[in-house]
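**Student:** need coordinates for the following:
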Amino acid sequence: MSASEKLDSVQCLRGFAAMSVFFFHNNFGFPLWSDNATNAVSRFIGNGYLGVDVFFVISGFILAWVSVLGKKSGATSPIEFGIKRFFRVAPAYWASMAVMGYIFAIDAPPEKLFQMFAFYPLGDQIPPYLSQNINPVGWTLNYEMAFYLIFGVSLVFGRFALAVASLSIVALVFAVPLLMGYPITVTPGATLIPFEIRYLKLITNPIMLEFVLGILCAWLFSTLKYRVGSLQAVMLSFIGGALLFATYCSSERGFSVIRAGIPSAILLLGLLLTEARGIIRFPRFVVMLGDLSFAVYLTHWTIHMLFYDHMKPATGIAPYYGQTIVITAVGLTVAFYWKRFIEDPSATFGNHLAMKYRTSTQALSQIRPKRVEY
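**Tutor:** Residues are numbered from 1 along each chain as shown. Down below sits the predicted model:
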């Protein structure tokens, strides 16, 4: 989102999702006053991968809001949308793969590198991962790009784009299995369709439904923004937060549209409505974490591997807390400069290209052929 379009509630939830994944992959330990308290915190951090579910819901909201619902001039054109999203994600992701490949001497045949760069799943990973990448978080970006493709094509339909994108995803997840004689499921790790083409496995995985939840959240926010009272907004935030907290504290494992996606959407909608009512102001530091979320997400595996390959494992209370502080500080510092020198310049260049395209098309549309008199 551009600076004028940013919503602090969205940024805060993005920051939570990024740090959730960051803490999960670094397997931080927090020794507390009792074994029960320590185990409870460990279980919460051990479910930090659910930040991916939160990210997908937020992504659906952002695209729906920025490209359609939040624009007074109508839906963004598909080409302008594609330019912006490509330069927002691809160059920074490619750079992260290059850095990891160099530091850790990770290589791959040219055809596999091309597939990774093209966001095509490769390997025989279980669902919903379905892919092996130089940067291990790449499997989630394969889903993001698949959603961008569906959403971008849907923008051809203008104000009906959100309905078309949502129905397309729902059809892929539910109609395709039924047509092929397979049972339907909403569990991302339990898809049963034996497609030989991996991309079909990806776009029919139920985790794609979380983008639809984000789109629905954007539509509800647009509809209810000035109709919901302060108490209802706060209660919605509390319900969504409580449900998501319960999922993080649960011993049940696995990505889940029901247990994580729906609570994330309820929480996001509640926070948006609460912010719109002027009830809450989010701390600047938490908003900043949201700004850094993509950079944190792309770089944290490199930080993790460097520290755990070259540092002694933490043993004891002081080392555990020291490890957490040092790795988190280094991770956020690296993310800050990654965003400043890699992510932001690429996104700015993409916005510039999109603006040039928009200006050119507007200029061409204003050209009228002169009437020739005979």
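
**Student:** residue ranges in the protein under the pLDDT threshold?
**Tutor:** 1-5, 192, 313-314, 368-374 (pLDDT under 70).

**Student:** give the buried residues for the longest helix seen in it.
**Tutor:** In the chain, ranked by residue count with DSSP state H as the criterion, the top helix is helix 78-103. For helix 78-103, a neighbour-count test (16 or more other Cβ atoms under 10 Å) marks 78, 80-97, 99-100 as buried. Bear in mind the C-beta positions are built from the backbone N, C-alpha and C, glycine included.

**Student:** please apply the same query to stretch 13-30.
**Tutor:** 13-26, 28-30.

**Student:** which ones are touching the spatially most central residue of the chain?
**Tutor:** In the chain, the C-alpha nearest the mean C-alpha coordinate belongs to residue 55, at 3.4 Å (Cα atoms, centre = their mean). By Cβ atoms under 8 Å, 6 or more residues apart in numbering, the residues touching residue 55 are 14, 17-18, 140, 297.

**Student:** how close does it sit to residue 62?
**Tutor:** Distance, residue 55 to residue 62, using Cβ to Cβ, to the nearest Å: 10 Å.

**Student:** do residue 344 as well
**Tutor:** From residue 344 to residue 62 the distance is 17 Å (Cβ to Cβ).

**Student:** same thing with residue 97?
**Tutor:** From residue 97 to residue 62 the distance is 24 Å (Cβ to Cβ).

**Student:** likewise residue 356?
**Tutor:** In this structure, residue 356 and residue 62 are 23 Å apart, going by Cβ to Cβ.

**Student:** neighbour count: those two, which is higher?
**Tutor:** Taking neighbours as other Cβ atoms under 10 Å, residue 356 and residue 62 compare with residue 62 leading, 19 against 12.

**Student:** was I right about the more buried one contacting residue 214?
**Tutor:** Yes: here residue 62 reaches residue 214: they are 7.4 Å apart, a contact under Cβ atoms under 8 Å.

**Student:** and residue 275, what does it touch?
**Tutor:** 7-9, 282.

**Student:** where does it land in three-state SS?
**Tutor:** helix (DSSP: H, G, I helix; E, B strand; the rest coil).

**Student:** quick one: contacts for the nearest residue to residue 288 once chain neighbours are set aside?
**Tutor:** Distances taken as Cβ to Cβ, 6 or more residues apart in numbering put residue 15 closest to residue 288, at 7.5 Å, once the chain neighbours are dropped. Taking Cβ under 8 Å, 6+ apart, we find residue 15 in contact with 286-293.
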